[in-house]
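[1] no letters, just coordinates:
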């Protein structure tokens, strides 16, 4: 297994292998957006989080991960263009349905010409083969921003696996060092900070892994001591 937690455009994908899932991370496009491919190890089902850019590299990622280019679902974390520039191409290639937060779904469809078949709400679950992912709405960066949460099973066997640990794919709502941008809008910041604290930090343990929409990964344990600092500075 290789996993550094950080990739740059042009690098090969980082790969994390857990008991039930293989998670691949690939940075694409000029903004180094992180695209994540989750593969259920038992069924081969696959989910792509953010078809952000460079569709040819995303297609190669699919081919490397499975026999063919199987893709069961694309989740777009929010409506900003740098997170869905390759969406139409990926859907045309794979026929995969698309899911996004309800409040962002219309904007994504208008920008990409792709129908959003599933409109996500806080507390929804997505089934990927034998995996279950929880939807966590984190409002503020955009109205419909969503994160996905996968929990490792209570009995684990793979190297590096931790029973019950959460893995959070947070889009642009949570990064190392703070929450996502809210344009200097106090109401948007307050909403996002509240959701991140109540729906993420108050629910999940310090060993929970955070996979953001750009840049390196982090854990909740690393970020938790700085929550008051984030609130005081307002970003």
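    Sure thing, it's come through. Since this is a predicted model, take the numbers as computed values, not measurements. Residues are numbered from 1 along each chain as shown.
[2] any stretches of this structure with poor pLDDT?
    For the chain, applying pLDDT under 70 flags the ranges 1-5, 7-8, 67.
[3] can you give me the helices in it?
    Ranges of helices in the chain, per DSSP state H, are 55-65, 87-94, 102-112, 186-196, 220-223, 227-233.
[4] center of the protein, which residue is that?
    residue 169 (3.2 Å; C-alpha atoms, centre = their mean).
[5] mind listing the residues bridging to that residue?
    residue 148, residue 211 (DSSP bridges).
[6] returning to what we had before: pipe the helices of the chain into CSV and attach mean neighbour count per row.
    C-betas here are computed from N, CA, C, even on glycine. Shown next, in CSV, are the helices of the chain (neighbours: other C-beta atoms under 10 Å):
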stretch, mean neighbour count
helix 55-65, 18
helix 87-94, 19
helix 102-112, 18
helix 186-196, 18
helix 220-223, 16
helix 227-233, 12
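[7] quick one: those as a markdown table, columns for distance to residue 118 too.
    Putting those into a markdown table (distance: least, C-beta to C-beta, whole Å) gives the following:
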| stretch | distance to residue 118 |
| --- | --- |
| helix 55-65 | 20 |
| helix 87-94 | 13 |
| helix 102-112 | 9 |
| helix 186-196 | 21 |
| helix 220-223 | 27 |
| helix 227-233 | 32 |
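[8] shouldn't residue 15 be in contact with residue 23?
    Yes - if you go by C-beta atoms under 8 Å, residue 15 and residue 23 touch, sitting 7.3 Å apart.
[9] tell me which of those two has more neighbours.
    residue 23 (21 against 17; other C-beta atoms under 10 Å).
[10] what residues are up against that one?
    Taking C-beta atoms under 8 Å, 6 or more residues apart in numbering, we find residue 23 in contact with 15-17, 36-39, 167, 211.
[11] out of these, which is most surrounded?
    Comparing those by number of neighbours (other C-beta under 10 Å), residue 38 comes first, having 28 neighbours.
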